[in-house]
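Visitor: My questions concern the predicted model and sequence given below.
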Amino acid sequence: MSRAEVALERARSGHGSLLVIEGRAGMGKTAVLAAVRETATAHGLRVLRGRGAQLEREFGFGVVRQLVEPAMMAMSPEERSALIGGPAHPAELAARVLGLPGANGTALPDGDPSFAVLHGLYWLLAGMTAADESLLRQMGDEAIGTLSTSFYSAQLDNASNKKLVEGMQRDYKVDPGFYAAATYTNGAVLEAALKSIDAKIEDKAALIKALRVNKVEETCRGPVSFDKYGNVVGNIYIRRVEKKDGKLVNAVIKTYPNVSQFWTYDPDEFLKKPVYNRDSWPENKNIEP
């Protein structure tokens, strides 16, 4: 803590520095940082916070954005213009994308082509696990609006999922995520197969056939079946991070039902062609070579 206080004194005199706090889990790093923030605030310093998690790996300068956006949004147009003047002037465009007016009091119009490009950059697109429920509880409001795709969301409204969510909340005080839902689905599929063969698990051929042909109408992720190649067929959800009852959740905004590994292609025609090949699939003109 004494080194942190020295660094704060240097900051107050206009001399920046870098202080790295590291150590094993549970030794109190978070508590030390909280104490440093309190001390800095008490000395009249403005404290900016950013948090690096898996989300920031997929979103360029995500931590930097967390640091500067709240401060910029709290500024007047004149203060903001002075801050991002000179070589930093191009950053004013990004600020106006966020709806912040420039020094002339106007925000960037929707019709400006620059708006379309930069507005797209500020819509976060995450992979299935990057916005997983296990990570959302470690994120702040910067994650709100994140779009992702997955076969699961803890917000799904079906009896099986409600039972899973209630159990996880009761026993672990958290919402289930991708991994918990996958394991729970595996159990539901196995249970349905065993019921169909009167629990004769020693009959391996019958069990495998039951697993392949059964369609489980309700699992925590929705209906599940398998194609003739043994790959799962099920719903895929487009999710958006929202805040509900004080916590971040993956709200489902669109459902694609019964999606197979072949999407909308005819399986037999698809398998006749080489994969990732522009010549055999001319409609896939945007596939990278």
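Guide: Thanks, I have the structure now.
Visitor: now stretch 240-259: mean pLDDT?
Guide: Confidence over stretch 240-259 (mean pLDDT, whole number) is 94.
Visitor: Return the distance of that stretch from the chain's centre.
Guide: Taking C-alpha atoms, centre = their mean, to the nearest Å, the mean C-alpha location of stretch 240-259 is offset from the chain mean by 11 Å.
Visitor: ok, which stretches of the stretch 101-250 of the chain are strands?
Guide: Remark: strands assigned in the stretch 101-250 of the chain by DSSP state E, counting those that start in this stretch are 125-126, 147-150, 224-226, 232-244, 247-259.
Visitor: Arg37: which of these is closest?
Guide: Arg37 lies closest to strand 247-259 among those, at 22.3 Å (C-beta to C-beta). Placement of C-beta: from N, CA and C, glycine included.
Visitor: Direction included, what does the closest one pair against?
Guide: Next to strand 247-259 in the sheet, as set by DSSP bridges, lie strand 232-244 (antiparallel).
Visitor: Just the CA atoms of the strand it pairs with, as CSV, please.
Guide: Extracted in CSV, the C-alpha atoms of strand 232-244 (Å, rounded to 0.1, in the frame of the first residue of the first chain):
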residue,chain,number,x,y,z
VAL,A,232,-27.5,-32.5,-32.7
VAL,A,233,-30.4,-30.6,-34.1
GLY,A,234,-31.8,-27.9,-31.9
ASN,A,235,-32.8,-24.3,-31.5
ILE,A,236,-30.2,-21.5,-31.9
TYR,A,237,-30.8,-18.2,-30.1
ILE,A,238,-29.8,-14.6,-30.8
ARG,A,239,-29.2,-13.0,-27.4
ARG,A,240,-28.7,-9.5,-26.2
VAL,A,241,-27.3,-8.6,-22.8
GLU,A,242,-29.8,-6.6,-20.8
LYS,A,243,-30.2,-5.7,-17.2
LYS,A,244,-33.0,-7.4,-15.3
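Visitor: in that strand, what's buried?
Guide: Neighbour-count burial for strand 232-244, with 16 or more other C-beta atoms under 10 Å as criterion, is recorded at 233-242.
Visitor: First-to-last residue distance for stretch 8-27?
Guide: Stretch 8-27 has an end-to-end distance of 22 Å (C-alpha to C-alpha, to the nearest Å).
Visitor: Can you give me the buried ones in it?
Guide: Quick answer for stretch 8-27 (16+ other C-beta under 10 Å): Leu8.
Visitor: model confidence over that stretch, on average?
Guide: Here stretch 8-27 scores 86 as its mean pLDDT.
Visitor: now it, how far from the chain's geometric center?
Guide: Chain-centre distance of stretch 8-27: 29 Å, with C-alpha atoms, centre = their mean.
Visitor: List the contacts of it.
Guide: 3-4, 7, 29, 32-33, 36, 39-40, 43-45 (C-beta atoms under 8 Å, 6 or more residues apart in numbering).
Visitor: one step back: adding distance to Val259, write the buried residues of strand 232-244 out as CSV.
Guide: Listed next are the buried residues of strand 232-244 as CSV, based on distance: C-beta to C-beta, whole Å:
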residue, distance to Val259
Val233, 7
Gly234, 7
Asn235, 7
Ile236, 5
Tyr237, 10
Ile238, 12
Arg239, 15
Arg240, 19
Val241, 22
Glu242, 23
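Visitor: mind showing which ranges of the stretch 151-289 of the chain have poor pLDDT?
Guide: By pLDDT under 70, the weakly predicted segments of the stretch 151-289 of the chain are 276-289.
Visitor: what distance separates the start and the end of stretch 220-229?
Guide: End-to-end distance (C-alpha to C-alpha), stretch 220-229: 23 Å.
Visitor: That's all I had, so thanks and see you.
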